[in-house]
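Asker: fold the stuff below for me.
(2 chains)
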Amino acid sequence: MLNADFIGRAYPPSSPYFVSREKIREFARAIGERNPVFVDRDAARALGYADIIAPPTFATVVAMESSQTVMFDPELGLDFSRVVHAEQSYSYSRPICAGDELIVSSMIENIRVVAGNDMLTTKASIDTVSGEHVLTTTSVLVSRGVQTP
Amino acid sequence: MTATVRYADTVVGYELPPASFPLARVDLVRYAGASGDFNVIHWNERIATSVGLPNVIAHGMLTMAEAIRVVTDWIGDPGALVQYGVRFTRPVIVPDDDAGAMLEVSAKVTELLDDNCVKIVITASSEGQTVLGKAQAIVRLA
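Answerer: Residues are numbered from 1 along each chain as shown, chains lettered A, B, ... in the order given. Take a look at the predicted model:
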């Protein structure tokens, strides 16, 4: 069982993540992207961006360290070997752009038990170091109960 | 920072151009490296089957990343995406053969919203079975 007292717990903001052009390109290649706006600066500029932008799910790379801080919080009691990613959503103010320096602020939005499985909802705001909101990411993780195969 | 598709030209029921995305083992390894998600069930058949999976499965986040390409390719400017969410309902099973798996993605405009936004419902399937539930996007059109 997860510690329900953790609902509403906010974790300290991450150290800044510097978004590099090469990391965006690597990620775009890994998801098979063909859209030039993710790899070619001129194509991105033609759409009005200062530099190449990141594919919509690139936020998972930026938020990785912060989400692991939550998942591996020993007091939370999540058994990582039984965790399944059940839901994921993003709400964007703008796309992530090469050159951004981003801070991830994670919090536990909800903990509940559904059919004997712990469900953990975490939310993270991803903002620039100067405080501009870029996107909010919400994840639901399910820790399968011991009885369930 | 503007979509190339016009809100005024868009109707409920419009079907976006569908796409198919092949997924082989090497694609999972590449995604693991690029994303930092090295969960062994995405590359090690021995571990995957020992925890009750039929075989190695694709990262849900990779499936999610592929599925939205149908929408971002259509709107012209991927930055016009306002919201995107999915449920991971069934894994994409990726066998260790030359063919791998195939992810089939289609999408349809289901609602016209305020502020030039439209709601799009996405269907993603593999081997004839849907793999994402409640896969929806909101985009702001020109």
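
Asker: correct me, but A:P13 touches A:L102?
Answerer: No. Counting by CB atoms under 8 Å, A:P13 stays clear of A:L102, with 10.2 Å between them. Backbone N, C-alpha and C define where each C-beta goes, glycine included.

Asker: the two: which is more packed in?
Answerer: A count of neighbours by other CB atoms under 10 Å in any protein chain shown puts A:L102 above the other of A:P13 and A:L102, at 20 against 15.

Asker: for the chain, what's the longest strand?
Answerer: If you meant another chain, say so; for now it's chain A. strand A:101-114 (DSSP state E).

Asker: sorry, I should have been clearer: chain B.
Answerer: Longest strand in chain B, counting by DSSP E: strand B:101-112.

Asker: buried residues, the following helix or strand past it. List them.
Answerer: Per DSSP states H and E, the first helix or strand lying C-terminal to strand B:101-112 is strand B:117-126. Buried residues in strand B:117-126, counted by 16 or more other CB atoms under 10 Å in any protein chain shown: B:117-120, B:122-126.

Asker: got a list of what the closest residue to chain B within chain A touches?
Answerer: Relative to chain B, the nearest point of chain A is A:S89 (2.9 Å; CB to the nearest CB). Going by CB atoms under 8 Å, 6 or more residues apart in numbering or on different chains, A:S89 touches A:137-138, B:83-86.

Asker: show residues contacting the longest helix along chain A.
Answerer: For chain A, the longest helix by residue count, based on DSSP state H, is helix A:59-71. Applying CB under 8 Å, 6+ apart, the external contacts of helix A:59-71 come out as A:11, A:14, A:17, A:19, A:23, A:27, A:76, A:78, A:80, A:83, A:90, A:96, A:102, A:104-106, A:108, A:122, A:124, A:126, A:135, A:137, A:139, A:141, B:34-37, B:61.

Asker: partners of the helix or strand just after that helix, with directions?
Answerer: Sequence-wise, the next helix or strand downstream of helix A:59-71 (DSSP H and E) is strand A:83-92. Applying DSSP bridges, strand A:83-92 is found paired with strand A:133-143 (antiparallel), strand B:81-88 (antiparallel).

Asker: coming back round to it: give the buried subset of the contacts of helix A:59-71 as a PyMOL selection command.
Answerer: Of the contacts of helix A:59-71, the buried ones go into a single PyMOL selection, burial set by 16+ other CB under 10 Å:
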select buried, (chain A and resi 11+14+17+19+23+27+76+78+83+90+96+102+104+105+106+108+122+124+126+135+137+139+141) or (chain B and resi 34+35+37+61)
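
Asker: check contacts around A:R41.
Answerer: With CB under 8 Å, 6+ apart, A:R41 has these contacts: A:21, A:51-52.

Asker: run a quick neighbour tally on the residue of chain B at minimum distance from chain A.
Answerer: Nearest residue of chain B to chain A (CB to the nearest CB) works out as B:G85 at 2.9 Å. By the other CB under 10 Å criterion, the neighbourhood of B:G85 contains 18 residues.
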